[in-house]
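Enquirer: Output the structure for:
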Amino acid sequence: MTKTGVHDLGGFLRSRRERLTPEEAGIGPGATRRRVPGLRREELAELAGVSVGYYTRLEQGVSVSASGAVIDALAAALRLDPAEHEHLRILAAPRRPTRPRSRRSRLRPSVRDLLAAIPGTPAIVIDHRADVLAWNDLGHDLLAGHVDFDAPDMRTRPNIARMLFLDPHHRALYRDWHGKAQVTVAALHQAVARHPADPELEQLIGQLAADSPEFARMWARRPVRTCSYYLRELDHPAVGRLTLANETVTLPDDDQQIGLFYARPGTPDADALTLLAQSLERRRVPKTPSRKENTR
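Expert: Model prediction:
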């Protein structure tokens, strides 16, 4: 996948222009038949108060940055929500030359200690590439019990996006798989806007687009969302159906996120989590040798 296909300003503008109908923009359908969806470039340029030539250069990638005033005007004309507006602002910011970022993310020991200190709450840490840096025992059992617990410390780490689209075991966990997938793709779009010189991130997206037609279609729509709280409806192989709150805590200095999963005490969902924790404890208990084995 080319860089233009990954994090181009023009592609995002085009996707939002084609999404907006003339009626939604308040200009009416016009007298002539439209051959393309959404607004024409000249219509959007007029709404935003910029020249058609300037807007065309932005959309075609000839110009790769714009002033804050222009971005605000385009966001208003395109009816962007706050998350999309901020994403557009990041894409249009002047970029200084940056060295390619391929550094492996490191987990602070204190964060690992934090995961161990909350054994009753499933927890996971991911970086901006959606690589899993660590999970506590219950987080591992909830989200990826079929994967080795020590996999985050191996050379190739588990990746939430890769598992979601390419691992049938992980995919089956989510009852609303499509909703979870859209959130994941949106997070990757925001990551490439913030880290345009990350070859590993670009390689991940290229692999997913090649191996998963579903990912490729979602990526082309350029979804943008900003939310740190979700309700996850899961179908776990050990405890069945449960709905958990999923709170995301950002570690800004490390560009990492802690995902926490919990249920209100006294609910069936909390009981299911307790059952999962008890199952984990039983598997930890070493097998007691039989009397016959002791007499050998």
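Enquirer: need the longest strand for the chain.
Expert: strand 240-251 (DSSP state E).
Enquirer: which residues of the stretch 1-150 of the chain score low on pLDDT?
Expert: Scanning the stretch 1-150 of the chain with the threshold set as pLDDT under 70 gives 1-7, 29-33, 95-102.
Enquirer: re earlier: the longest strand of the chain - what's its average pLDDT?
Expert: Over the span of strand 240-251, the pLDDT mean works out to 95.
Enquirer: Using neighbour counts, pick out the buried residues of that strand.
Expert: 242, 244, 246 (16 or more other C-beta atoms under 10 Å). All C-beta spots, glycine's among them, are computed from the backbone N, C-alpha and C.
Enquirer: Could I get the contacting residues of the first one?
Expert: Counting by C-beta atoms under 8 Å, 6 or more residues apart in numbering, residue 242 touches 233, 234, 236, 263, 268, 269, 272, 273.
Enquirer: And it, how close does it get to residue 158?
Expert: Using C-beta to C-beta, to the nearest Å, residue 242 is found at 22 Å from residue 158.
Enquirer: do residue 86 as well
Expert: For residue 86, the distance to residue 158 - C-beta to C-beta - is 29 Å.
Enquirer: and if you look at residue 237?
Expert: From residue 237 over to residue 158 the distance is 17 Å, taken as C-beta to C-beta.
Enquirer: Next: residue 218.
Expert: 20 Å.
Enquirer: For the residue lying closest to residue 82 once chain neighbours are set aside, give me its contacts.
Expert: The spatial neighbour of residue 82 that comes closest, neighbours along the chain excluded (C-beta to C-beta, 6 or more residues apart in numbering), is residue 226 at 7.5 Å. Contact analysis of residue 226 by C-beta under 8 Å, 6+ apart lists 82, 83, 86, 190.
Enquirer: 10 Å instead?
Expert: Counting by C-beta atoms under 10 Å, 6 or more residues apart in numbering, residue 226 touches 81, 82, 83, 84, 86, 87, 186, 187, 190.
Enquirer: Drop anything exposed from those residues.
Expert: 84, 86, 87, 186, 187, 190.
Enquirer: from the buried residues of strand 240-251, which single one is nearest residue 214?
Expert: The closest of the buried residues of strand 240-251 to residue 214 turns out to be residue 246 (C-beta to C-beta; 21.5 Å).
Enquirer: Quick one: residues contacting the closest one.
Expert: Going by C-beta under 10 Å, 6+ apart, residue 246 touches 122, 124, 180, 183, 227-232, 234, 259-262.
Enquirer: partners of it in the sheet?
Expert: residue 230, residue 261 (DSSP bridges).
Enquirer: Check which helices and strands whichever strand or helix holds residue 163 sits against.
Expert: Counting by DSSP states H and E, the element that carries residue 163 is helix 160-166. With contacts taken as 3 or more C-beta pairs under 10 Å, 6 or more residues apart in numbering; DSSP states H and E, helix 160-166 sits against strand 123-127, helix 137-144, helix 168-171, helix 177-194, helix 199-211, helix 213-221.
Enquirer: Can you tell me what sits against it?
Expert: The contact list for helix 160-166, computed with C-beta under 10 Å, 6+ apart, reads 124, 126, 129-132, 143-144, 146-147, 156, 159, 167, 169-171, 173-174, 177, 180-181, 183-185, 187-188, 191, 204-205, 207-209, 211-216, 218, 259.
Enquirer: in the stretch 1-150 of the chain, which spans are helices?
Expert: 3-7, 9-19, 22-25, 41-48, 52-60, 68-77, 82-92, 109-117, 137-144 (DSSP state H, counting those that start in this stretch).
Enquirer: which of those is buried the deepest?
Expert: helix 137-144 (a mean of 22; mean count of other C-beta atoms under 10 Å).
Enquirer: Tell me what angle that one forms with strand 123-127.
Expert: Interaxial angle, helix 137-144 versus strand 123-127 (axes from the mean of the first three to the mean of the last three C-alpha atoms, to 10 degrees): 70 degrees.
Enquirer: From the contacts of residue 246, pick the one nearest residue 197.
Expert: Closest to residue 197, out of all of those and judged by C-beta to C-beta, is residue 183, at 24.7 Å.
Enquirer: With just CA atoms, put stretch 84-95 into PDB.
Expert: Extracted in PDB, the C-alpha atoms of stretch 84-95 (Å, rounded to 0.1, in the frame of the first residue of the first chain):
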ATOM      1  CA  GLU A  84     -13.300  14.100  12.100                       C
ATOM      2  CA  HIS A  85     -12.500  17.800  12.500                       C
ATOM      3  CA  GLU A  86      -9.500  17.000  14.700                       C
ATOM      4  CA  HIS A  87      -8.400  14.200  12.300                       C
ATOM      5  CA  LEU A  88      -8.500  16.600   9.400                       C
ATOM      6  CA  ARG A  89      -6.500  19.200  11.400                       C
ATOM      7  CA  ILE A  90      -3.800  16.500  12.100                       C
ATOM      8  CA  LEU A  91      -3.700  15.500   8.400                       C
ATOM      9  CA  ALA A  92      -3.400  19.100   7.200                       C
ATOM     10  CA  ALA A  93      -0.700  20.200   9.700                       C
ATOM     11  CA  PRO A  94       2.700  21.200   8.100                       C
ATOM     12  CA  ARG A  95       5.000  18.200   8.500                       C
END
